[in-house]
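> The sequence and its predicted three-dimensional model are supplied below.
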Amino acid sequence: MVNPSDEIKARLNVADVLGEYIKLQPAGGNFKAKCPFHQEKTASLMVSPDKQIWHCFGCGKGGDIFSFVMEMEGLTFPEALRLLAPKAGIQLTDYRGQDNSRRNRLLDALAEAGVFYQKQLTANNKLAEAALHYLRIERHLTDDMLNYWQIGWAPNDWQMLSDYLRRKGYTENELLLAGLNSQAATGQRFYDRFRGRIMFPWHDVNGNLLGFSARVLPQLDDGKTGKYINSPQNLIYDKSKQLFGLWRAKAAIKEAGRVIIVEGQMDCIMAHQQGFKNVVATSGTALTEDHLKLIKRYTENLVLAFDMDQAGILAADRAIALASQVNMNIRVLRLPAGKDPDEFLRQHNQDWPVLVEAAPPIMEYYFQLLRPQLVADKVESRKAATKRFLTLISKLSDVVERDYWLKKLAQVLRIEVQLLYDSLPTNQPTTNQPTTNQPIKQLVKNRPVDLFLAWLIRFPSLLDNASQWLEPELLNSPTAVQIYKNLIVYYNKKRLTAGDNLDYNDLLAWWPADQSGDYLNSLFLLADKDLAETTIEQALIELPKLTRLIQRAYWHQRLSVISQQIAGLEKDKSLSDDKRELEINILMGEAEELSQALRTLDN
């Protein structure tokens, strides 16, 4: 029997495979590219189609298509084999019996679950019919789109999926690790995680089903659970590293030379239904550095099409700050007030291309966004908006563009342009003003948790949709957790807007008695002392860094706790062997997920 790896290499061209990840340039009979495995300005990675190999003369890495994919995707050899086989048109049925890697077992279970949910959507029962009616009539999706996106229905049953997958040979522990079931608090039984929900599958860029976003059927919504629940982060599913729809959109993105990013998966699905295929969605999470790395495989031109409410504006701010750091070309599509892409595409699909083409670049977007504050009656609003726009101007390297925007700003403010030249930030680091890349280094004496909270106090509008940063429990300190939760409650109570500061006296008067008052004071002082001259753009860059530091510390501590728990279980003579093995396996599964998350953070 032919070795599957040899057959795959015979059918796939090394340049075609690597070209899906990096931009290749002809170099005689070979190709060259900038190596994705280390930082470099000059292309030092060479690809030889004749020899079917690649090698980087900068870092020394090289090999065949398997070694590249394994390095790029963080896969084992069997996992890379599974990924490349469909591209080569090869079935791995005969090889599958040898492939027992945990990741592939979980992917297989998820693929089976996806097929199960799809079949249930057309089942002959009232709830499935209601789900199908909702998708067709209320969300205006065609049957072709339902099949294209593999949308399904999770029956309102506690065991139906689990029973189905157990018959296929999967264990309860495997279903737990795949995020398909949950364990009762007593630890005595497992049950289906998704029940009575419309299932939107998430795929990686290669089409592997990784998890689900599940919307409760409106008639089953009792308000006690979220409208949407997602698969938990696990060994294979990390929402911060995947973009909804990219597996369907990547060819259109290359063809169009740009990607359009929307917030919701329904926005993305409707765009594709209307024929606009170069659209992907963040779907409930903030755009991340890992998302941008994925996008840069296909284009460096990015159009943001977020809702223009407060949360959407903040999401755009963060996306712009991150994308600017990696030298992407960014435009911002502004929809008419009150419209989201889904609704606009259904009602005015012929106007979508016009809006995309007219999407302004960053400076024009911010000028339009800040203009109401620049002409406001309140002098404080005008000062804050002017300071923010001057900061953006100061970062422009082109003197002609800088001069243009200074004159535009002077016209709106009705002042002499020379006054703005004199007020222009120099962007030089001083002892009192951290630069964009330096706050963490300059403030190392402060704990990451303290800095995280101080940034939120300095820019309270970032508390809107605070879950995009960190879940409170990850702060790993009861006092810090309480501070974080209280700040979120206070922000939602007062509904502060961008540019507003926290009123210290009002906050202190509202603050629950005997709840961390001294710590709160120290955070305000920290914000005044070290962050007073910073901008929201700096906050949007620094908060993700602090988030990673805090996550790393929390996960390390959790691993230590798990190690102690496993040691305790091994010594516990009161448990049966089966019970002990089950609980240890669950803890070891969690430990593996945490270890994988830590490795991902460090990459």
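Looks like it came in fine.
> Tell me which residues of stretch 309-317 come out buried.
Neighbour-count burial for stretch 309-317 flags 312-317 (criterion: 16 or more other C-beta atoms under 10 Å). The C-beta positions use only the backbone N, C-alpha and C, and glycine is treated the same way.
> Also stretch 14-23?
Per 16+ other C-beta under 10 Å, stretch 14-23 contains these buried residues: 14-15, 17-19, 21-22.
> before we move on, the earlier item: in CSV: the buried residues of stretch 309-317, plus secondary structure.
As requested, the buried residues of stretch 309-317 are arranged in CSV below (DSSP: H, G, I helix; E, B strand; the rest coil):
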residue, secondary structure
Gly312, helix
Ile313, helix
Leu314, helix
Ala315, helix
Ala316, helix
Asp317, helix
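> Of those residues, just say which sits nearest to Glu537.
Using C-beta to C-beta, Asp317 comes nearest to Glu537 of these, at 7.3 Å.
> May I have the residues that are in contact with the residue nearest in space to the middle of the chain?
The residue lying closest to the centre of the chain (C-alpha atoms, centre = their mean) is Ser240, at 2.9 Å. When contacts are counted by C-beta atoms under 8 Å, 6 or more residues apart in numbering, Ser240 touches 285, 288, 290-291.
> can you pull the pLDDT of it?
We note a pLDDT of 87 for Ser240 in this prediction.
> measure it to Leu322 for me?
In this view, Ser240 and Leu322 are 12 Å apart by C-beta to C-beta, to the nearest Å.
> Name the residues contacting each of these two.
Listed as contacting both Ser240 and Leu322 by C-beta under 8 Å, 6+ apart are Thr288.
> quick revisit: surely the residue nearest to the centre of the chain is in a helix?
Yes: secondary structure of Ser240 (three-state DSSP): part of a helix.
> nearest residue to it other than its sequence neighbours?
Using C-beta to C-beta, 6 or more residues apart in numbering and skipping the chain neighbours, the partner closest in space to Ser240 is Thr288 (4.6 Å).
> ok, longest helix in the chain?
Secondary structure assigned by DSSP state H gives helix 536-571 as the longest helix of the chain.
> and the gap between Asp307 and Ile229?
When distance is defined by C-beta to C-beta, Asp307 is 21 Å away from Ile229.
> whoops, I mixed them up, Pro36
According to C-beta to C-beta, Pro36 stands 34 Å off from Ile229.
> Counting neighbours, go ahead and name the busier of these two.
More neighbours surround Pro36 than the other of Pro36 and Ile229, with 19 against 15 (other C-beta atoms under 10 Å).
> And the strands in the stretch 301-450 of the chain?
Taking DSSP state E, counting those that start in this stretch, the strands of the stretch 301-450 of the chain run over residues 301-304, 329-332.
> The ones you listed into CSV, with extra columns for mean neighbour count, mean pLDDT and distance to Val205?
Listed next are those as CSV, based on neighbours: other C-beta atoms under 10 Å; pLDDT from 0 to 100; distance: least, C-beta to C-beta, whole Å:
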stretch, mean neighbour count, mean pLDDT, distance to Val205
strand 301-304, 21, 95, 16
strand 329-332, 19, 92, 21
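> could you dump those to CSV with distance to Trp405?
Compiled in CSV, those are given as follows (distance: least, C-beta to C-beta, whole Å):
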stretch, distance to Trp405
strand 301-304, 20
strand 329-332, 16
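> So which of those strands is nearest Leu520?
strand 301-304 (34.9 Å).
> List the strands paired with the closest one, with their directions.
Strands adjacent to strand 301-304 in the sheet, as given by DSSP bridges, are strand 259-262 (parallel), strand 329-332 (parallel).
> low pLDDT regions in the stretch 201-350 of the chain?
Low-confidence segments of the stretch 201-350 of the chain, defined by pLDDT under 70: 338.
> okay, now the closest residue to Gln219 other than its chain neighbours: neighbour count?
Take Gln219 and drop its neighbours on the chain: the residue closest to it by C-beta to C-beta, 6+ apart is Ala130, 6.1 Å away. Number of residues near Ala130 (other C-beta under 10 Å) recorded here: 16.
> Likewise for the one 10 residues further on?
Using other C-beta under 10 Å, His140 is surrounded by 15 other residues.
> do the same with the one 4 residues further on
For Asp144, the number of neighbouring residues by other C-beta under 10 Å comes to 9.
> distance of it from Leu121?
Asp144 sits 14 Å away from Leu121, going by C-beta to C-beta.
> swap in Val205?
Remark: distance between Val205 and Leu121 (C-beta to C-beta) = 25 Å.
> likewise Lys9?
39 Å.
> can you check Ser213 too?
Counting by C-beta to C-beta, the gap between Ser213 and Leu121 amounts to 15 Å.
> Trp149 now?
Trp149 is 11 Å from Leu121, by C-beta to C-beta.
> Same check on Tyr554?
Computed as C-beta to C-beta, the Tyr554 to Leu121 distance reads 38 Å.
> for Thr386, same thing?
Taking C-beta to C-beta as the measure, Thr386 falls 54 Å from Leu121.
> try Ile137
Counting by C-beta to C-beta, the gap from Ile137 to Leu121 is 14 Å.
> So if I had to pick from the two, which one is more boxed in?
Comparing Ile137 with Leu121 by neighbour count (other C-beta under 10 Å), the higher total belongs to Leu121, at 20 against 9.
> Below-threshold pLDDT in the stretch 501-603 of the chain: ranges please.
Filtered on pLDDT under 70, the stretch 501-603 of the chain yields the residue ranges 513-518, 601-603.
> ok, now which ones touch Arg297?
By C-beta under 8 Å, 6+ apart, the contact list for Arg297 reads 20-22, 205, 250.
> Turn those residues into JSON lines, including distance to Lys407.
Shown next, in JSON lines, are the contacts of Arg297 (distance: C-beta to C-beta, whole Å):
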{"residue": "Glu20", "distance to Lys407": "45"}
{"residue": "Tyr21", "distance to Lys407": "43"}
{"residue": "Ile22", "distance to Lys407": "41"}
{"residue": "Val205", "distance to Lys407": "44"}
{"residue": "Lys250", "distance to Lys407": "42"}
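> out of those residues, which are inside helices?
Lys250.
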